[in-house]
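**Student:** this one's structure only:
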């Protein structure tokens, strides 16, 4: 039997005037566990910010797993931006950006002490906030648009990328990952491929503006990391986006 598994995307930094949502996904053993976890997330981040993609299925959970998850979903997580908390049984991983080294150690330590000794916490946090904030501010809440179903950047998207190139020039050649995202319309595999092609198109455009291609990694997340509800046209438009993440 599979172990319980959860993923929390901690996209909780400020992006211009827009505050990004927190995505919860994975599989838990029963509705009561799901409800308790979502209630805790909503209490921590706010009801409107939590996107529920948690499923109930045939999975095995360690003793008092639901109680430990509620302890794990705590204030230290709010110090992490562009991050991800993953839980598989009693193995916990945390990654993302924090403001300084002291905060990096403190967050991982507080998460570990909220659990019993049978749990392990892998600390993948990075001190990255100033450079990341610069890119977030440059992008704001704008969407880099492409021609429908293609990896062709529209003129409005080129104007945004001109500003992103200037921002990237200010962070001293640090490596940046460009991540393409889509909505959930159509086949997942096709969307994954399209999101990667679009990220590659952004890299090519930035390279043409003088940003070294070697400093730009690309990834395609397809429809797997929505920031809004795909049930509405507005939500789908927000999910079709390019994300910039400082890597080192």
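**Tutor:** Done, it's in. Note that this is a predicted model, so its numbers are computed, not measured. Numbering: from 1, shown residues only.
**Student:** Next, work out how far apart residue 181 and residue 135 are.
**Tutor:** Between residue 181 and residue 135 the computed distance is 16 Å (CB to CB, to the nearest Å). C-beta coordinates here come from the backbone N, C-alpha and C atoms, glycine included.
**Student:** would you list every one of the helices in the protein?
**Tutor:** 31-45, 65-72, 101-113, 129-139, 155-169, 188-208, 233-239 (DSSP state H).
**Student:** Check whether residue 144 really touches residue 242, as I assumed.
**Tutor:** Yes: with contact defined as CB atoms under 8 Å, residue 144 reaches residue 242; the gap is 4.5 Å.
**Student:** Quick check, pLDDT for the residue lying closest to residue 202 once chain neighbours are set aside.
**Tutor:** The spatially closest residue to residue 202, leaving aside those adjacent along the chain, is residue 178, at 5.0 Å (CB to CB, 6 or more residues apart in numbering). With respect to pLDDT, residue 178 scores 97.
**Student:** Please give me every residue in contact with residue 178.
**Tutor:** Residues in contact with residue 178 (CB atoms under 8 Å, 6 or more residues apart in numbering) are 199, 202, 203, 206, 216, 217, 218, 219, 242, 243, 244.
**Student:** residue contacts, the first one?
**Tutor:** Read that as residue 199. Shown in contact with residue 199 (CB under 8 Å, 6+ apart): 178, 179, 180, 218, 219, 220, 242.
**Student:** Just the buried residues from those, in ChimeraX please.
**Tutor:** Burial among the contacts of residue 199 is assessed by 16 or more other CB atoms under 10 Å; the matching ChimeraX selection reads:
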select :178,179,180,218,220,242
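**Student:** Out of the contacts of residue 199, which sit inside strands?
**Tutor:** Among the contacts of residue 199, the ones falling in strands (DSSP state E) are 178, 179, 180, 218, 219, 220, 242.
**Student:** With distance to residue 71 as new columns, can these be given to me in CSV?
**Tutor:** Formatted as CSV, these follow (distance: CB to CB, whole Å):
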residue, distance to residue 71
178, 36
179, 31
180, 35
218, 37
219, 32
220, 35
242, 36
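**Student:** Of the contacts of residue 199, which is the nearest to residue 193?
**Tutor:** residue 220 (7.0 Å; CB to CB).
**Student:** For residue 137, the count of nearby residues, please.
**Tutor:** If you count neighbours by other CB atoms under 10 Å, residue 137 ends up with 12.
**Student:** ok, the contacts of residue 199 vs residue 100, which is closest?
**Tutor:** residue 179 (24.7 Å).
**Student:** Please verify my assumption that the closest one contacts residue 217.
**Tutor:** No: if you go by CB under 8 Å, residue 179 and residue 217 don't touch, sitting 9.0 Å apart.
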